[in-house]
Structures are given as C-alpha cells and as structure tokens.
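**Q** Predicted structure and sequence below. I'll ask about it afterward.
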Amino acid sequence: MPPSPTRGAPELIAWYRAHARDLPWRRPEYLARYGAWGVLVSEFMLQQTPVTRVIPHLQAWLARWPDPAALASATGAEVLQQWANLGYPRRALWLHRAAVAIRDQHDGTTPRDVASLLALPGIGDYTARAVAVFAFGDRHPVVDTNTRRVIARAVHGRAQPEPPSRRDLDDMLALLPDDRGDAAIVNAAAMELGATVCTARTPDCARCPLLDSCAWRAAGYPESEDRRRRQARYEGSDRQARGRVLRALRHADGHRLPAAEVLADWPDPAQRDRAIDSLIADGLIEAEDGEFLLPR
DNA sequence: TTCCAGGTGG
DNA sequence: CCACCTGGAA
C-alpha cells in the first residue's frame, strides 16, 4: 500500500514547534526587518557552511547592507572583506551580483517566483525554493542534504540517500500538506530533523518523531554501502593556496600587495601561479601595476 | 592527523 | 563528475 500523501507531516509539525532551534533567521523580528532579502542572505551564507559560523557574520552583514540596493552599491573589495573567513568567497561575489540584478531587474525587490530566483547568480534548486517558501510562504519542496537523508530513511528504508536527483523534489512534495503554512513547516522540519536527530553518523532515533512510521526502522536498520568519495586533503591544496591569497589581501592596507609578496613562501611556485590565475579568472582578485588587489 | 559539513556551477 | 573554503570534531 502506498504511503498516504501527508504521512508523517503532523508529527513533523508538532516536533518542529516544540524542538526547532532558535535561529536568527527564524525569528519574526528578523523577517519583519529584513524581509525576503534577509532570508536570501542567510541562505547564501548557509550554503556549505555550519550554522554556528554563519550567525555572527550574518548580523554584521545585514547591519551594513540591510537591503539589495545597499549591497549593490558596495565594491567587490568591501564585499570580500565583510565575507571574511566564511569560506567559498565566490559566494560573496555571487551575492553581490544577485543584489545588482535585483536592483536593476526587479526594482530592488527580491523576486518571489522560483524561476526568477533560479536566474540569479549563486542561487540553485535549494536556495530558490528556500526563499520562495521561508520568505514568501509559497508551497514548494525544499530539499537539502539533511532532507535527503531523512527521506532516504523514513520513506525508502535506506541508511543513506541515493545521489541527488530531481526525484528528491518529488519525494518531498509528496510529504507536503496542502496548507502552505504547514507545508513550509514540514520543509523546515525535515531539514531540522536531519540536522539535529537523524544525523549522518549517529542518529538519535529515540528522539525521532517519525519513529513509529520509519521505513528504515521497520526494515531493521539495514546498512548501505558507503559511496561517499573521500574528501580531498586541504593542506597543500589549490584551495588552501587561494584561501591564503585572499586572506592576505583582506588584511593588507588598501587591500593590495606587491605581486612578489603574495604567497612568497608557498613551496610550490607552479601551484601558487595556478591559484592566482584562477582567482583572477573568478574575479576574486585583480592584477595592476605589479600588485594584486581585491576587486573594485 | 584525519575527517567532516555542505549547495552551485562548470 | 569535480572544484570550491574553513575550523571544529573525532
């Protein structure tokens, strides 16, 4: 017998109301003050970045640039400086470019429809739907890696999700109640459950609101083969070299340094040149008069 | 010392 | 598929 469309939704909603973390972007005063732009900025920072690292940067960022027009008028150097050590600094440039597009193409108002959001730089399947749902209250499936794991277990009875695919959105959609507000909570609850209870390595099933209906539990918690690729070593990587260059420029007077001083002590000159060239290609640094500098 | 989390774009 | 960053946990 196929699962009923909203199987688990009431349990998720009740659990979320009682146990969701109190995060800044979930507070009514945050949404009242920053609106959809606040949701968009928080989701940008949360891409690939733990909640605890985002919180202090988010407050400072929105205090400085509370709306798209304010950010759009900043320079690349200011944006990268403010992004600081959040990681993946291309996101900072994408966010800046998204602000420019919102100012120039949407009258400074964060768009509501998923297609328009997807057209903005740095916004993909997850972020577009997260903004549409959490900022505007529309009914769409929002799927992050936590959601995918929760669905793999509770619905499909597998310990780990399959590789990401469009079917993930269909799976989540099937769990959403008709009511838009309830649907938004179920989206948030699935992510929250995966982040705090149905975790990758040590799920705490005793605290799970879906315990009674969980397909993984019903199947006896079968293991699944670990198909994760080993993460590339960071020490000595191109990533580390790029990160060092940007960190040096963030801390330099005028955000510029003589080319000879940039990564001067890096052990592999070819790798250093490759890192610098790729930073220029990405628009994260510029070369001028024998110096490297953050972009203007 | 290694491992881990995590969306987007190419 | 693979590159992209960081710092805290294991």
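**A** Now that the structure is in, tell me what you want to look at.
**Q** buried residues in stretch A:232-243?
**A** Neighbour counts over stretch A:232-243 (16 or more other CB atoms under 10 Å) mark A:A241, A:R242, A:G243 as buried. Using the backbone N, CA and C atoms, a C-beta is placed for each residue, glycine as well.
**Q** again with stretch A:7-17
**A** In stretch A:7-17, counting by 16+ other CB under 10 Å, buried: A:G8, A:A9, A:E11, A:L12, A:I13, A:W15, A:Y16.
**Q** which residues are contacting it?
**A** The contact list for stretch A:7-17 (CB atoms under 8 Å, 6 or more residues apart in numbering) reads A:154, A:175-177, A:182, A:185-186, A:188-190, A:192-193, A:209-210, A:212-213.
**Q** how about the strands of the stretch 151-296 of chain A, start to end?
**A** Counting by DSSP state E, counting those that start in this stretch, the stretch 151-296 of chain A has strands at residues A:256-258, A:286-288, A:291-293.
**Q** Grab the nearest non-local neighbour of A:R158.
**A** A:A152 (4.7 Å; CB to CB, 6 or more residues apart in numbering).
**Q** Just give me the neighbour total for A:D22.
**A** 6 (other CB atoms under 10 Å).
**Q** can I assume it sits in a strand?
**A** No. A:D22: not assigned to a strand; according to DSSP: H, G, I helix; E, B strand; the rest coil it is coil.
**Q** per-residue confidence at it?
**A** For A:D22, the model assigns a pLDDT of 93.
**Q** how much space is there between it and DNA strand B?
**A** 18 Å (CB to the nearest atom of the strand, to the nearest Å).
**Q** same thing with A:D182?
**A** Distance from A:D182 to DNA strand B, by CB to the nearest atom of the strand: 22 Å.
**Q** Contact partners for that residue?
**A** Counted by CB under 8 Å, 6+ apart, A:D182 has contacts A:A9, A:I13, A:L176.
**Q** One more: A:D67?
**A** A:Y34, A:W37, A:G108.
**Q** Could you rerun that using 6 Å?
**A** Neighbouring residues of A:D67 by CB atoms under 6 Å, 6 or more residues apart in numbering: A:W37.
**Q** Which ones among the buried residues of stretch A:7-17 map onto helices?
**A** Counted as lying in helices by DSSP state H, out of the buried residues of stretch A:7-17, are A:A9, A:E11, A:L12, A:I13, A:W15, A:Y16.
**Q** what's the closest of those residues to DNA strand C?
**A** A:W15 (22.6 Å; CB to the nearest atom of the strand).
**Q** circling back: which among the contacts of stretch A:7-17 end up buried?
**A** A:154, A:175-177, A:182, A:185-186, A:188-190, A:192-193, A:209-210.
**Q** How many residues are close by the residue of the stretch 51-200 of chain A found nearest DNA strand B?
**A** Residue nearest to DNA strand B within the stretch 51-200 of chain A: A:G124 (2.7 Å; CB to the nearest atom of the strand). Residue crowding around A:G124 was assessed by other CB under 10 Å; the count is 11.
**Q** Many thanks, have a good one.
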